[in-house]
Structure formats: C-alpha cells, structure tokens
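> show me how the following folds:
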Amino acid sequence: MNNPSRTLLSAAALATFAALCTWPGGDVQAQANPAYGKQDDARDVNKTMALANAGDAQAQYKLGWMYDLGKGVPKDGQQAMLWYGKAAALGNTDAQFNLGRMYEVGRGIEKNEQLALDWYQKVAVQGMADAQNNLGLMYLDGRGVAKDVQVALGWLKKAADQGYADAQFNLGWMYDRGQGVPKDGQQAMLWYGKAAALGNTNAQFNLGRMYELGRGIEKNEQLALDWYQKAAVQGLADAQNNLGLMYLDGRGVAKDGQQAYFWVLLAAYRGDPSAKSNLATLEKTLTAAQKNKIERM
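Numbers count the residues shown, from 1 in each chain. Sure thing, here's the model as predicted:
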C-alpha cells in the first residue's frame with residue numbers, strides 16, 4: 001500500500017460507533033420477528049430521547065449515533081451534531097471523537113480540519129487510541145495544523161502501544177517508506193507484524209510484499225504466500241491478486257492454475273484493475289468447464 005490506512009479509519013470509526021451503542025438481544029429479536037424489532041426500536045428511541053433530554057450524556061451520545069447512522073430514526077447529520085455536541089460538552093469522549101470525524105470528513109457539517117484536530121486533541125489527551133491515531137495522521141499530513149512529523153510519531157506511538165492496529169500499521173508504513181523517519185526495514189517489520197497479528201489486512205499484505213521482494217528482510221516466498229493468504233481470506237483485493245499470481249508461477253507453493261484463477265477472479269470482482277488484466281490472461285489457460293466450476297465456488 002502506498003499510504004497510511006486512512007480508509008480503515010472510517011471503517012474503524014463506524015465499527016466503534018456500532019459496538020458502543022448496540023443493545024442486548026435486539027438483533028436476535030428483530031430477526032425472529034421483524035415487527036417486534038420495529039416496535040423495540042421505537043421504544044428504544046423514545047427511552048433514549050427521554051434520557052438525553054434529561055441530560056444523560058451517554059444517552060445523548062447514543063441519540064447522536066442513531067441520527068448519524070439512521071438507526072431507528074431518519075438519518076440526520078444536524079441532529080447527530082446537536083446530540084454529539086451536548087454529550088461532548090458533558091465530557092463524553094465517544095461523542096468528542098465522533099465530532100472530530102464529522103468535521104474531518106465533512107459529514108453532516110461543513111468540513112473543518114481545525115475543529116477536527118481540536119476535538120481529536122481533547123480525546124487523545126484522555127488516552128483514546130482512535131483519536132491519538134487520527135491526530136497523529138493530521139500532524140503527519142499537516143491538516144488543520146502545521147506539519148510536524150515528530151509530534152505525529154509521538155501520537156501514533158501512543159496509540160500503537162495501546163495495541164491499536166491502525167496506528168501500528170501507520171508506523172510500519174512510515175519506516176517502510178522512510179516518510180519523516182529514516183527508512184528502517186526492521187522497524188517496519190516490527191510494526192507491521194504487530195498490526196498483522198491483530199488482523200490488519202494492509203499490514204498482512206505489506207509483510208507479504210516485503211517477504212516476496214526481500215525488502216528489509218531475507219526473501220521468503222513461503223512466508224509471502226502465507227501473509228497474502230491471511231489478507232486474501234479477509235477480502236483484500238491486492239492480496240487476492242498477488243496470491244493468485246504466486247499460484248500461477250508456483251512461487252512458495254506448487255503451481256495451480258485453478259487456484260490462481262480463483263483468487264484473481266475474486267480480486268477482479270472487487271474491482272482491482274491489475275486483477276482484471278491478469279484474469280484475461282488466466283482465462284486462456286482453463287477450459288470452460290474448469291472456469292464454470294471455479295465461478296460456482
């Protein structure tokens with residue numbers, strides 16, 4: 001990958017919102033009886049709104065989340081900002097973080113990187129790894145603040161030391177590419193390895209690339225294949241394409257044209273341009289029956 005995992009941040013933020021605000025049993029009940037699920041949602045909205053109006057910060061945060069994602073209420077960025085703002089003023093760190101995200105990406109409000117930075121700063125100093133990571137990236141890029149690589153490293157390291165995989169990946173990328181720090185393959189491997197062990201697909205892919213090319217580490221195609229496999233089964237198109245090519249060439253594994261076609265096909269379905277090009281070549285090596293069998297898998 002060529003850039004720190006900014007796309008993962010948004011996904012991570014949404015996952016955080018969902019994890020923090022689910023309520024026990026709701027999903028199971030809704031699946032068993034959709035009508036009951038709607039009634040349950042309405043009761044929950046009414047209860048949450050009553051608590052929020054009474055000044056309960058967690059309920060205000062939850063109501064903001066509901067409006068932010070359209071959970072039980074119509075999606076409404078202004079209402080999300082309103083309730084996040086109330087909760088944030090009472091010190092709710094999740095609301096403060098979400099305000100930072102909304103200002104950073106311009107969701108529900110005009111984009112304002114200075115205000116995003118301010119909200120991230122409020123939460124980062126309280127120890128939230130998500131905010132420390134995002135704050136580090138803003139300093140790294142000079143968004144909302146003058147670029148300062150050393151400050152960026154400091155915040156990313158704080159998040160990484162808490163086991164935050166995105167920050168660990170970002171540190172690995174900086175050392176891998178020599179962005180703001182001396183290029184250091186061993187440090188890159190160290191931080192990629194920590195993130196990869198936590199399931200970060202970009203880190204797993206980059207470890208695969210380093211082992212495949214012998215960049216910063218002794219070349220090892222078996223380990224390259226293993227790391228590509230880990231990322232590929234989680235759906236990373238780059239890894240699926242590279243895994244397919246290793247099966248095609250018999251690098252780190254016995255040659256297998258059908259496995260090659262399978263993985264490259266998956267990557268192509270995900271829109272990877274290299275995979276689409278490779279697929280056209282691979283299709284010529286298989287019979288129609290073989291292709292149909294793989295496509296039905």
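
> gap between Gln172 and Asn133?
You called it Gln, but residue 172 is Gly. 13 Å (C-beta to C-beta, to the nearest Å). All C-beta atoms are positioned from the backbone trio N, CA, C, and that covers glycine.

> nearest residue to Trp119 in space, please, no chain neighbours.
Excluding its sequence neighbours, the residue lying closest to Trp119 (C-beta to C-beta, 6 or more residues apart in numbering) is Gly100, at 3.6 Å.

> any idea how far Gly193 is from the one you found?
29 Å.

> the more surrounded of these two?
Gly100 (30 against 16; other C-beta atoms under 10 Å).

> please identify the helix or strand for the more buried one.
According to DSSP states H and E, Gly100 maps onto helix 93-105.

> what residues of that helix count as buried?
Buried residues in helix 93-105, counted by 16 or more other C-beta atoms under 10 Å: 93-104.

> just the closest of those to Tyr61, please.
Ala95 (4.4 Å; C-beta to C-beta).

> can you get me a residue count around Ala239?
Ala239 has 28 nearby residues by other C-beta under 10 Å.

> which residues are contacting whichever strand or helix holds it?
Element membership for Ala239, per DSSP H and E: helix 237-249. For helix 237-249, contacts defined as C-beta atoms under 8 Å, 6 or more residues apart in numbering pick out 1, 201, 204-205, 208-209, 212, 221, 224-225, 227-232, 251-253, 255-257, 259-268, 270-272, 274-275, 278, 282.

> so which of the residues you listed belong to helices?
Judged by DSSP state H, those include 201, 204-205, 208-209, 212, 221, 224-225, 227-232, 257, 259-268, 274-275, 278, 282 as members of helices.

> what subset of these is buried?
Neighbour-count burial (16+ other C-beta under 10 Å) is assigned, among these, to 201, 204-205, 208-209, 212, 221, 224-225, 227-232, 259-268, 275, 278, 282.

> mind checking how far the closest residue to Gly154 other than its chain neighbours is from Gly106?
Leaving aside its sequence neighbours, Gly154 sits nearest to Gly136 (C-beta to C-beta, 6+ apart; 7.5 Å). From Gly136 across to Gly106, the span is 21 Å (C-beta to C-beta).
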